[in-house]
Structures are given as C-alpha cells and as structure tokens.
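> Sequence unavailable; structure follows:
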C-alpha cells in the first residue's frame with residue numbers, strides 16, 4: 001500500500017519526501033500513520049528498482065532538497081499495480097481506498113471497470129465480522145449493542161459503496 005501511494009502521488013507531480021509523507025498521511029494516516037522510518041526505506045527500494053529518481057534542488061532559504069520523480073518504468077509499474085491489484089487490495093478497505101485514489105491514472109476504462117467489478121463481487125458475498133459457526137451474523141441477530149453498531153455502520157457503508165460502484169460501472173461501460 002505504501003509503495004502504491006508513493007507511486008501514485010509522484011505520478012501527479014515531483015515531490016520532496018516531507019510533502020510526499022504529508023500527502024500519504026492525509027490519505028491513510030488515520031489508520032496507518034507513515035513514519036519516516038517506513039517511508040524512506042520504501043523510497044530507496046523504489047529508487048533501486050528504477051521506478052523513481054531523486055534529484056537535488058537548491059533550497060530557497062535552507063539546505064538543498066531532494067525531489068522525487070517517477071521514471072517511465074515507475075509510471076508503467078503504477079498502472080500495472082492498479083490494473084492487477086492483489087486480492088488484499090480489493091478486500092482490505094484501507095488498501096482499496098489507496099487503489100481507488102489513483103485508479104484514474106489507468107487510461108483504459110475497461111481495465112478500470114474490471115478492478116471495480118472485483119470489488120463489487122467481494123462486497124456482494126455474504127460476510128460479517130461475527131459468525132455463528134459458518135453462518136454470518138447480521139446486526140439483528142445480536143443483543144450486544146456495540147457489535148450491533150459495528151454491523152449497522154458496516155451495512156450502511158457497504159450499501160453506499162455498492163450504489164457508487166454500480167453507478168460508476170454503468171458510466172464506464
């Protein structure tokens with residue numbers, strides 16, 4: 001998810017590490033804050049793989065800054081990761097939002113639709129956070145008000161996403 005966010009934000013514009021970290025944190029920070037000790041090793045891996053380059057630019061007031069820019073290979077890799085997301089990128093809500101944040105960078109609407117269809121199929125499967133054996137429990141099945149709340153909120157969120165997915169898929173077709 002972190003590498004995808006790095007590639008996605010750099011696809012839009014070259015950024016220095018601090019600005020990149022701020023943007024990633026704005027996208028995912030409430031769930032997974034991005035520490036420098038996590039971000040910079042990921043940047044180095046992408047740089048070593050030839051997906052981004054680091055350029056030194058003179059600072060306007062302070063020391064020179066390192067600006068990160070995607071290579072042609074990095075742009076291609078981003079589009080590949082977006083059109084071929086791993087199953088966890090489809091099923092994990094936070095990873096899904098990262099895919100969704102950059103899916104516009106895929107020019108092929110059929111490829112965009114294929115990714116959305118995978119998410120739609122996942123959401124249409126009966127599921128719950130709580131089970132009675134193999135049977136998923138619904139909010140109405142629970143006496144616990146807190147678990148009832150979790151399932152009620154999840155149902156509302158899923159319904160909203162399903163509505164959006166169906167409308168968006170209709171417009172892409």
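Noted; the coordinates are in hand. A quick note: this is a predicted structure, and the numbers were derived from the prediction, not measured.
> What pLDDT does the model give the nearest residue to residue 129 once chain neighbours are set aside?
The shortest distance from residue 129 to any non-neighbouring residue, by Cβ to Cβ, 6 or more residues apart in numbering, is to residue 150 (5.9 Å). The C-beta positions use only the backbone N, C-alpha and C, and glycine is treated the same way. pLDDT recorded at residue 150 is 91.
> my read is residue 150 is in a strand, agree?
No. Going by DSSP: H, G, I helix; E, B strand; the rest coil, the assignment for residue 150 is helix, not a strand.
> Okay, buried residues for stretch 3-19 please.
Under the neighbour-count criterion of 16 or more other Cβ atoms under 10 Å, stretch 3-19 has 3, 4, 5, 6, 7, 8, 9, 10, 11, 14, 15, 17 buried.
> do you know how far residue 163 is from residue 123?
11 Å (Cβ to Cβ, to the nearest Å).
> With neighbour numbers in mind, choose between these two.
Neighbour count, other Cβ atoms under 10 Å: between residue 163 and residue 123, residue 123 has more, with 17 against 10.
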